Structure formats: structure tokens, C-alpha cells
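1. Starting from these lines, generate the structure:
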Amino acid sequence: MAKQPRPIAGRVVAITGAARGIGRATAGALAREGATVAIGDLDVELARRTAEEIGVGAAAFELDVTDRDSFQRFVEDVETQLGPVDVLVNNAGIMPLGPFLAEDDATARRQVEVNVHGVLLGMKIVLPRLVARGRGHVVNIASAAGKAPYPGGATYCGTKHFVVGMSETVRGELRGSGVEMSVVMPVLVDTELATGVRTAWGVPRLAPEDVAEAIVQTLRRPRFDVFVPRSIGPLTVAGWLLPRAVRERVHRAIRADRVLADVDAGARHAYELRVARSEPALSPGAEVELSEARR
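-> Sure thing, here's the model as predicted:
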């Protein structure tokens, strides 16, 4: 007998980087389903406006995912104001692009802080609470880049491979605890983070709402691998069964190897400049600027 879908109404969902993009779309979708959503973001003013626009069931909180004290306060404030967290969506991420040999150390380090340690901190702070209650769900937003190489985004791809592998390992450790783990792996999503980036041939460009709907469905019927669109899952698995040389030829044939390499730097400039200013250690005029954007 098929398992009954799990209700979303009444759950408290904490979402990082939720003032814009995928995080915002997810917050709105879950609020419409009756969940109470905590919108965590470094840009707290924008988070407040987002919460106001979503309306009933949404509240804004300041959050720097790279700072343990900030993340701890975020979770404590959410549980004080909204109730025990049932779901954590680790959505915050950055994507500075450029050739690996041109990447400065500060940009690489910050990317690891946000994309890797930001996810780890959220899990380390929230998971003990979920395990103690014997229920809950952690959803980590990775990327299709967590399963394949994309030149022009070497460090970004590395961080997303980390999220996938780490999540799968923690899932094994949590087996029998009652806590679910999922990794969401979308192709390119039409958010500010993807400005100036083209898609591979035959691969759709998603709307944030497409990813949000996949997250809603995953909370209803938990699964670990959440490919968006779902059709890329079998293709990804099939690709890994091919010899490397064949797989790489296919990648080149659909121009997937140029997706992050042939970007419109001019179109990305305003985005890169805005998000770079969120990290004082980085110069807004640097050749390779930080892209600290909450999805």
C-alpha cells in the first residue's frame, strides 16, 4: 500500500537565504500550504518585506549562515516565536564564476564558507533537535552541478558535490531516527544568481516556483534525490554508466561544458557588485568578485 502523503499545514519551516529567488518562492509555496515559514537572510530588511508580501504564516529573521552564533540565534528565535522547527531548508548559496586559475583565494574561501560551512552549521544546529523529537526533515539545496563538471565554476561545483556527498552520508547515520534528508538538484534556475548564464542545449531554464513545487512535493512524500526537472535524474544516472570519454563527448555536444564558462559578464556585473558588498574583505572592484546571493 502506498504511503499517505504527509501534511504540510502546521509545520514550522526555517529557510536560509529566503528573501529572494528559490528561497522566497519556497517560502511562499509552503505558506500557501499552511506551513509557518521563517525567512532567514543576511539582508534582513528585504526579508521583512518578503515576509510582509507573503503575509500570514511568514516571519523574517536576520541570518548569516557563515557565523555559528548568528545561525544559533536564528534557530532559537524561530523556535521561541514560531515553535519547534520541523523542517530546515538550507538554501543560501553563492556562485562566483570564472576560470579556476583566475580565482582569488578570498573568493574561493568565502564560497566554501557559505556553500559548505553554511550547510554544515545549519545541520549541526538543527539536527540534534529533530533527532531528539524523533521527526523532522532537512532539505539541502545543491545543484545539477553537484553531479557533473561545469568548467568556469570549479569551486562552485566542488561545493555542490560536497553537499550531495555529505548529505548522503549523514542520511545513512540518521537511518532509523525518524529524520528525513533530501538533496535538491535543479538545472539552471531563472534567478538573479543565474544572470548572464545560458543553458545547455535541450535543457530547460527553470522558474524558482518549479523548484519550490519540487520541495513541497518532497516534504509530502520524502525522497533523497530530488532532481528538477525530475527527468534529469535517469539521464544523470545513465550518464555515469557511460565510459568517461563518451560522457565527456555528450557533455560537449550539448554545450554543457560552456554553461558556466561562456557567461555575459556585463549582464552579471550589477549582481556581482551588489552581493560582493556583503563581504567587507572583498573589493567591489576586484576582477573576480564575490557573488553572495541567497537563492
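
2. element containing residue 96, please.
-> Taking DSSP states H and E as the definition, one finds residue 96 inside no helix or strand.

3. Report how many residues lie close to it.
-> Around residue 96 sit 24 other residues, with neighbours defined as other CB atoms under 10 Å. Using the backbone N, CA and C atoms, a C-beta is placed for each residue, glycine as well.

4. Check the gap between residue 133 and residue 269 for me.
-> As defined by CB to CB, to the nearest Å, residue 133 lies at a distance of 46 Å from residue 269.

5. Likewise for residue 217?
-> Applying CB to CB, one obtains 36 Å for the distance of residue 217 from residue 269.

6. low pLDDT regions in the chain?
-> Counting by pLDDT under 70, the chain shows low-confidence ranges at 1-2, 271-272, 274-295.

7. now the helices for it?
-> Along the chain, the segments classed as helices by DSSP state H run 21-32, 44-54, 68-81, 105-112, 118-133, 154-174, 208-220, 232-241, 244-253, 265-276.

8. Just want the angle from the fourth one to helix 154-174.
-> Direction vectors for helix 105-112 and helix 154-174, defined by axes from the mean of the first three to the mean of the last three CA atoms, to 10 degrees, enclose an angle of 30 degrees.

9. circling back: and the helices of the chain, which is most packed in?
-> The highest mean neighbour count among those belongs to helix 21-32 (a mean of 25), with neighbours defined as mean count of other CB atoms under 10 Å.

10. want to throw the helices of the chain into JSON lines with distance to residue 198?
-> Formatted as JSON lines, the entries for the helices of the chain read as follows, by distance: least, CB to CB, whole Å:
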{"stretch": "helix 21-32", "distance to residue 198": "18"}
{"stretch": "helix 44-54", "distance to residue 198": "27"}
{"stretch": "helix 68-81", "distance to residue 198": "34"}
{"stretch": "helix 105-112", "distance to residue 198": "21"}
{"stretch": "helix 118-133", "distance to residue 198": "27"}
{"stretch": "helix 154-174", "distance to residue 198": "16"}
{"stretch": "helix 208-220", "distance to residue 198": "18"}
{"stretch": "helix 232-241", "distance to residue 198": "17"}
{"stretch": "helix 244-253", "distance to residue 198": "15"}
{"stretch": "helix 265-276", "distance to residue 198": "11"}
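
11. Those: which one's closest to residue 197?
-> With respect to residue 197, and counting by CB to CB, the nearest of these is helix 265-276 at 7.8 Å.

12. who does the biggest strand by length in the chain pair up with?
-> Secondary structure of the chain per DSSP state E: the longest strand is strand 179-186. Looking at strand 179-186 with DSSP bridges, its partner strands are strand 136-141 (parallel), strand 225-228 (parallel).
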